[in-house]
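Asker: Give the three-dimensional model of this entry:
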Amino acid sequence: MNTDLVTQVRTHRIIVALRGVCAERTEAAAQALYAGGIRMLEITFNQSDPDTLAKTTASIQAVRAALGEKLLVGAGTVLTAAQARAAVEAGAQYLLSPNLDLEVMEQAHSLGVAMLAGAMTPSEVALAWKAGAALVKLFPADSLGLPYIKALCAPLSHIPLLPMGGVSSQNLLEFLAHPSVAGVGVGSSIAKASLIQAGDFDAIRELAREFTRQL
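Answerer: Numbers count the residues shown, from 1 in each chain. Okay, the predicted model is just below:
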């Protein structure tokens, strides 16, 4: 599964994260993203919402039912083993987190799904890789910057990275040009909450195309 996910990320290059969107709008947003060329989606848990387990799993189920295998759907901001299990039961095909939690990583392995664990420092990146992360999500990428990524990868070039945070259509190719960067995660630069809440899915599709036409 790890090898398969790395191949998919290296092929499609962009994972779009959807946060705090109801199941009906998540499905419509996913359709728009697919029409704009996106092939990998992250539906995140909102840890400040007490109902996030039910809402997030409903969104995952809705997108999987609507798009089947056309879109690879992952669950993001997975912070507990229970969330990992519920997400996979709902149809999530991979898991992402902003941090490294060994209990969550173990749960992902037991469920047979790949995990993208978050890290920032060289020690965290190396530990996440050693623990079995398929890729390491380098977060927050905009605060760290490209010079940091280049310096980090000098001794750790064997570890595939997914920078996330601050990736835009203007700097997309700069990030993707580095050989250790398998792909990038993109949030509000494509999945703008205001557009989704307004139901302007044509605009979401066009934002996606701003990115995918560069690939």
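
Asker: now the chain, which segments are flagged as low pLDDT?
Answerer: Applying pLDDT under 70 to the chain flags the ranges 1.

Asker: can you give me the strands in it?
Answerer: Secondary structure of the chain (DSSP state E): strands at 14-18, 40-44, 72-76, 94-96, 114-119, 135-138, 161-163, 184-186.

Asker: For residue 11, grab the count of nearby residues.
Answerer: 12 (other C-beta atoms under 10 Å). Where you see a C-beta, it was placed from the backbone N, CA and C, and this is true even at glycine.

Asker: how close does it sit to residue 204?
Answerer: 22 Å (C-beta to C-beta, to the nearest Å).

Asker: just residue 103 next, same as before
Answerer: Taken as C-beta to C-beta, the span from residue 103 to residue 204 is 35 Å.

Asker: more crowded one of these two?
Answerer: residue 204 (26 against 11).

Asker: check contacts around the more buried one.
Answerer: 29, 32-33, 36, 190-192, 195-196 (C-beta atoms under 8 Å, 6 or more residues apart in numbering).

Asker: And the residues you listed, which is closest to residue 215?
Answerer: residue 36 (11.8 Å; C-beta to C-beta).

Asker: Provide a list of residues in contact with the closest one.
Answerer: 190, 204-209, 212.

Asker: So what touches stretch 63-77?
Answerer: 8, 12, 15, 17, 19, 26-27, 30-31, 33-34, 38-47, 56, 60, 83-84, 87-88, 90-98, 116.

Asker: what about residue 68, neighbour count?
Answerer: Neighbours of residue 68 (other C-beta under 10 Å): 10.

Asker: From residue 125, how far out is the residue of the chain most remote from its centre?
Answerer: Distance from the centre of the chain peaks at residue 155, with 24.8 Å (C-alpha atoms, centre = their mean). Residue 155 sits 10 Å away from residue 125, going by C-beta to C-beta.
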